[in-house]
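Novice: quick one: sequence and predicted model below, then my questions.
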Amino acid sequence: MSRNLLETDGPEWVRKGIITPEQHQQLLALYPNEGKVVGLLPLLGSLLVGLSALSVVAANWQGLPEWLRLLLLLGSMGGAYAGGEYFLARRNESLGMGLIGLGLILFGCGIILTSQMYQLIGYDATGLLAWALAGTALTYLYHSRFLFILMACIGGIVQGYSTGQLGGFSYFTAALTVFGLGYYWWRRPDALLGTVLATGLLWQAGLLIGHLHAKITWFFIPAMLIYAVGDWQADRSAGRALQAPPIVAAFLFTLGLALYGEADTYAGMLRPPFLAYIGALLLVFGLSVAGKYQRGRVSSATDWLLLLPGFYLHGGLALAIATLVVLYAYSGTVLWRAHQENNADRVTLGTVLFIVTTMVAYFKLTWAFMDKSLFFLLGGALLLSLSWYLRRKNAQSLSSKQPE
Amino acid sequence: MSPTGTFFTHRRLIGLAVGAQMLFLLAVAAAGYATTALGRTITLRTTPVDPRDLLYGDYVRLNYTISQVKPTLWHGPEAPKKHQPVYVVLHAQNGVYEAAGVYATEPAVAPEQAILRGWVMDSWRHGLRLRYNLERYYVPENSGQTLEKAGARRPLLVRVSVAPWGQARITKVEELPK
């Protein structure tokens, strides 16, 4: 139950005599105002202040003597950190963390501007690595979710710059994200941070695959490794949040395969060496299933349906149809599991997946044979009736499981 | 915010982290300053580049006469490999330094010669392409256009400070006197 509900509906319960005013107060005391929520306002505020300060200084930057520029950089950074500590000591968590975050951003700006001042930047990533290292250290020191998210972004930026501009993948940054942030999340499981961490890691994994010019299917080895870690996490909601980005990636990839897999040139671009890829995938699969078994969540192994390596088939249209069957099976299992768990959100998710799959199937299988207006008419009718049927089914299953 | 040890309290650790960041910035500045103060200045000449490629946002991309050298200048036990670090010996000709030899290990040089560290970018039968990490010059705002125009027509002269420990940085870029 949330504090919001108690605050809005509580007086009504007291009036109806369900609880006494004292009990209402006791209940409110059980749910203190959360101080740890990630405030959007301090985040945006620190960003805007940082940007405005940056533009003012940048406009006059070249005219300032070097020592003054350096002093400005050091002073603004130190000031932001000191201000952050000041407000944290006075229990103003969001403003304090916002300023600490600003200090970290200013450190990154300082590194770039100082190296530009002395023409030292170019191909050297050391300064950016120092930035990522500082971000990780501060995340641990403050136990802050805001800094965690900021650091995940910094890791992504540093990696993007490293591969894009410097032409080299920074294994140090990747290790820092995996072990630094990964360990933090493992010890302090959290749903939001799980999704942020997985997204940041997938971004870096994608950059690595691009940098190595490997077949894009190799992306799913690190992606599913992240997924498997989610299986071993004791905190279920945090584990699921970590697993969401890899599953979304796998679903989109399978959708793409259903749409374009018919052309053997596309499927050919996806085929990595069979034994190496299947071996690695089976290894990760084993790890994942062992985790599911350990934590009693074996039914979620159906997620792995999306990883069936259909692109090895040389079937043309048959491959597209087989992929569609897999997509239907997957969205079907999502719906089935949602009904089992009586989880309305996941029922909606399963319904959406089902409808998306149907759209793709329809587009794929009938486009060539049918007049366009008939295509739209039939497609619309099919979607409407399907959504109506699934909706009815949801309502039935949810109401039958709700206690009277 | 509990203390994490007897000496390393939360406050001290924070102070350490912030202090380390400040020291890092100062070290970057000190390295830049020392390179000019203690290093010797050499002058390099650029080759005209495709004008569309010269200006990249806030920096100018420079291509030197020593960026591409003849393979006969190579002195090493085996053929140069991509990304291999090399030592380039420079010799002054009419005030501008040109490459006299490319070595895999640091060679002993005459006092009038200078050494610049570089990396092999590409190597083929008729040439050796090198990178010195001096290919980007961060220009004062809006002055990139003039440099861009000048650099497309004629070579530019680039003054580079080389520190005794090998670090090099650009101190000045100017047009070739007529």
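Specialist: Structure's in. What do you need?

Novice: count the neighbours of the nearest residue to A:L390 once chain neighbours are set aside for me.
Specialist: Nearest in space to A:L390, with sequence neighbours left out and distances taken as CB to CB, 6 or more residues apart in numbering or on different chains, is A:T351 at 4.8 Å. Where C-beta positions appear, they are placed from N, C-alpha and C, glycine not excepted. Residues lying near A:T351 (other CB atoms under 10 Å in any protein chain shown) number 21.

Novice: give me the mean pLDDT for the helix or strand containing A:T351.
Specialist: Counting by DSSP states H and E, the secondary-structure element that holds A:T351 is helix A:344-366. Model confidence over helix A:344-366, given as mean pLDDT, is 80.

Novice: tell me which residues of that helix are tucked away?
Specialist: A:346-347, A:349-351, A:353-355, A:357-358, A:360-362, A:364 (16 or more other CB atoms under 10 Å in any protein chain shown).

Novice: A:F220: what's it in contact with?
Specialist: A:P246, A:A249, A:A250, A:F253, A:L281, A:L307 (CB atoms under 8 Å, 6 or more residues apart in numbering or on different chains).

Novice: mind giving me the packing neighbours of the longest helix belonging to chain B?
Specialist: Once chain B is assigned using DSSP state H, the helix that runs over the most residues is helix B:10-38. For helix B:10-38, the elements it packs on are helix A:66-89, helix A:93-117, helix A:126-142, strand B:156-162, strand B:168-175, judged by 3 or more CB pairs under 8 Å, 6 or more residues apart in numbering or on different chains; DSSP states H and E.

Novice: between those, which one is nearest to A:I209?
Specialist: Each of the helices and strands packed on helix B:10-38 was checked against A:I209 via CB to CB, and the shortest separation belongs to helix A:126-142, namely 20.5 Å.

Novice: what's in contact with that closest one?
Specialist: A:88, A:97, A:100, A:104, A:107-108, A:111-112, A:115, A:121, A:144, A:147-148, A:150-151, A:154-155, A:158, A:161-162, A:170, A:172-173, A:176-177, A:180-181, A:184, B:10, B:13-14, B:17, B:20-21, B:24, B:28.

Novice: quick one, that helix and helix A:93-117 angle?
Specialist: Following axes from the mean of the first three to the mean of the last three CA atoms, to 10 degrees, one obtains 160 degrees for the angle between helix A:126-142 and helix A:93-117.

Novice: quick one, what contacts the residue nearest the centre of chain B?
Specialist: Relative to the mean C-alpha position of chain B, the nearest C-alpha, by CA atoms, centre = their mean, is the one of B:L134, at 3.0 Å. With CB under 8 Å, 6+ apart as the criterion, the residues that contact B:L134 are A:G122, B:L44, B:L62, B:Y64, B:V158, B:V160, B:A168, B:R169, B:I170.

Novice: quick revisit: the helix holding A:T351: how far from the chain's middle?
Specialist: Averaged C-alpha coordinates place helix A:344-366 at 22 Å from its chain's average position (CA atoms, centre = their mean, to the nearest Å).

Novice: one more: stretch A:96-109?
Specialist: Between the mean C-alpha point of stretch A:96-109 and the mean C-alpha point of its chain there is a distance of 23 Å (CA atoms, centre = their mean).

Novice: what does it contact?
Specialist: Defining contact as CB under 8 Å, 6+ apart, one finds that stretch A:96-109 is touched by A:39, A:42-43, A:45-47, A:49-50, A:54, A:73, A:76-78, A:80-81, A:83-90, A:128, A:131, A:134-135, A:138, A:142, A:144, A:146-147, A:150, A:154, B:18, B:21, B:25.

Novice: avg pLDDT for it?
Specialist: Model confidence over stretch A:96-109 averages 90 on the pLDDT scale.

Novice: for that stretch, output the C-alpha coordinates as PDB.
Specialist: Below are the C-alpha coordinates for stretch A:96-109, written out as PDB (Å, rounded to 0.1, in the frame of the first residue of the first chain):
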ATOM      1  CA  GLY A  96      22.300  17.500  -2.200                       C
ATOM      2  CA  MET A  97      22.500  14.600  -4.600                       C
ATOM      3  CA  GLY A  98      21.700  16.900  -7.500                       C
ATOM      4  CA  LEU A  99      24.700  19.100  -6.600                       C
ATOM      5  CA  ILE A 100      27.000  16.100  -6.200                       C
ATOM      6  CA  GLY A 101      25.900  14.900  -9.700                       C
ATOM      7  CA  LEU A 102      26.600  18.400 -11.000                       C
ATOM      8  CA  GLY A 103      30.100  18.200  -9.500                       C
ATOM      9  CA  LEU A 104      30.600  14.900 -11.400                       C
ATOM     10  CA  ILE A 105      29.400  16.400 -14.700                       C
ATOM     11  CA  LEU A 106      31.700  19.400 -14.100                       C
ATOM     12  CA  PHE A 107      34.700  17.100 -13.600                       C
ATOM     13  CA  GLY A 108      34.000  15.600 -17.000                       C
ATOM     14  CA  CYS A 109      33.800  19.100 -18.600                       C
END
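
Novice: would you mark the buried spots in that stretch?
Specialist: Buried residues in stretch A:96-109, counting neighbours by 16+ other CB under 10 Å, are found at A:96-109.

Novice: neighbours around residue 94, how many?
Specialist: Since no chain was named, I'll use chain A. A:S94 is flanked by 19 other residues according to other CB under 10 Å.

Novice: chain B, not that one
Specialist: Using other CB under 10 Å as the criterion, B:N94 is surrounded by 7 other residues.

Novice: distance check, it against A:A53.
Specialist: Distance of B:N94 to A:A53, given as CB to CB, to the nearest Å: 48 Å.

Novice: what about A:G167, distance to A:F219?
Specialist: Counting by CB to CB - A:G167 and A:F219 are separated by 20 Å.

Novice: please say which of those two ends up with more neighbours.
Specialist: Just comparing A:G167 and A:F219: by other CB under 10 Å the higher neighbour count belongs to A:F219, 20 against 12.

Novice: give me every residue in chain A lying close to chain B.
Specialist: For chain A, the residues found near chain B under the criterion CB under 8 Å from any CB of the partner chain are A:61-62, A:66, A:70, A:73-74, A:77-78, A:81, A:85, A:88, A:103, A:107, A:110-111, A:114-124, A:127, A:130, A:134, A:137-138, A:141.

Novice: done for today, thanks.
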